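Engineer: Sequence below, structure please.
(2 chains)
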Amino acid sequence: MEERETAVRRSGVLRDSVGVGLATAAYGISFGALAVAAGLDVWQTCFLSLVMFTGGSQFALVGVLATGGVAAGGSAIATAALLGIRNVVYGMRMKPIVDRGGVARRVAAAWITIDESTAVALAQTEDRAARTGFWVTGAVIFVGWNLTTLAGALIGDALGDTRAWGLDAAAAAAFLGLLWPRLKRFQAGAVAVAAALVATLTTPVLMPGLPVLVAALVAVGVGWFDLFSRRSAA
Amino acid sequence: MTTWHVILIASAATLALKVGGYLVPAGLLERERPARIADLLTVALLAALIAVQTLGAGQAIVFDARVPALVVAAALYALRVPFLVVVIVAALVAAGIRAFT
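Structural biologist: Now for the predicted structure:
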């Protein structure tokens, strides 16, 4: 009886992992196309998906480069790195569950520590299922994301005038898609509105790339003093 | 700095952060304030990127086809339409407006 329950749970976590993995990997198409639209070549685009492998930072890097070019390189690096800070938190949460074995295994685990692999793992009630969820989700996304990135980059290359195809609007919509699931609490919503305002108001007076970094200070201020935390957005 | 420099430095930084999570002592996470700031940092950066990507044109602020495209995208996310579909529809809205104006 208990064995059957374990088997059911096991197939459940596999289904979740593959489902989340395939759905996430599909975004790679939009990343590939947007990166090429921002001026990266196909190699550079694929390198980002292979090594950086964290969607938010990848979209941010090419987004800042699209508005400011290489002159905004410093801001692009800083924005990508700041967005990568959440992976530190994920790593700390996943370590007790998945870090078993040598250095190679630890690096592999760190490499695929992203929003989705962590979310699927933390949604499981027991450690074994969490481990399976983490590795399967991470592996499916890693393979899928890199294949779809290449496909998207080749499509973007073939499109030519990306503005006529609305790819600049697609980039904004992609960021909104990454932000949307994080807006459940009132505090997060308040930070989002304030940060968007700060970025808009500082755009005419700061070098391209810097408005996004200045807007990040909103998070530091609100987070430090825990402002707007009482009410919930229902 | 070339594009490759930007890519290599940024990739090294994000990968180092990922590995760092497995190396720092676990006690740090128990502290509420760093965890909360890390969480809100993601929200602020994404919101700022949306604003710049939707309204920015170099250092100018302009209202063009991207604004209605973003409004449509928000409505679709609220209706739980999948990411990739929303992104494609947003591109089509902007492209359509530009083609007919």
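Engineer: Return the set of buried residues in stretch A:150-163.
Structural biologist: Buried residues in stretch A:150-163, counted by 16 or more other Cβ atoms under 10 Å in any protein chain shown: A:150, A:152-153, A:156, A:162. Glycine gets a C-beta too; all of them are placed from N, C-alpha and C.
Engineer: Identify each buried residue in the host helix or strand of residue A:9, please.
Structural biologist: Assessed by DSSP states H and E, residue A:9 sits inside helix A:2-37. For helix A:2-37, burial by neighbour count (16+ other Cβ under 10 Å) applies to A:9, A:13, A:16-17, A:20-21, A:23-37.
Engineer: The closest residue to chain A within chain B: how many residues sit nearby?
Structural biologist: As assessed by Cβ to the nearest Cβ, chain A sits closest to residue B:21 within chain B, at 1.8 Å. Using other Cβ atoms under 10 Å in any protein chain shown, the number of residues around residue B:21 comes to 24.
Engineer: what about the closest residue to it other than its chain neighbours, distance to residue A:173?
Structural biologist: Of all residues not flanking residue B:21 in the chain, residue A:91 sits nearest, at 1.8 Å (Cβ to Cβ, 6 or more residues apart in numbering or on different chains). Computed as Cβ to Cβ, to the nearest Å, the residue A:91 to residue A:173 distance reads 29 Å.
Engineer: So these two - more neighbours on which side?
Structural biologist: A direct count of neighbours by other Cβ under 10 Å for residue A:91 and residue A:173 places residue A:173 higher, at 31 against 25.
Engineer: Now do the host helix or strand of residue A:140 against helix A:2-37, angle only.
Structural biologist: Assigned by DSSP H and E, residue A:140 belongs to helix A:127-159. Helix A:127-159 and helix A:2-37 meet at an angle of 20 degrees, taking axes from the mean of the first three to the mean of the last three Cα atoms, to 10 degrees as the criterion.
Engineer: could you point out which element follows helix A:127-159?
Structural biologist: Next helix or strand after helix A:127-159 toward the C-terminus (DSSP H and E): helix A:167-179.
Engineer: and stretch A:178-185 with chain B, contact?
Structural biologist: Yes - against chain B, stretch A:178-185 shows contacts by Cβ under 8 Å from any Cβ of the partner chain at A:178-180, A:182-183.
Engineer: got the CA positions of that stretch in CSV?
Structural biologist: Extracted C-alpha coordinates of stretch A:178-185, given in CSV (Å, rounded to 0.1, in the frame of the first residue of the first chain):
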residue,chain,number,x,y,z
LEU,A,178,8.3,37.1,-15.4
LEU,A,179,6.9,39.7,-13.0
TRP,A,180,3.2,38.6,-13.0
PRO,A,181,3.5,35.6,-10.6
ARG,A,182,5.5,37.7,-8.1
LEU,A,183,2.7,40.3,-7.6
LYS,A,184,0.5,38.3,-5.2
ARG,A,185,1.4,40.5,-2.2
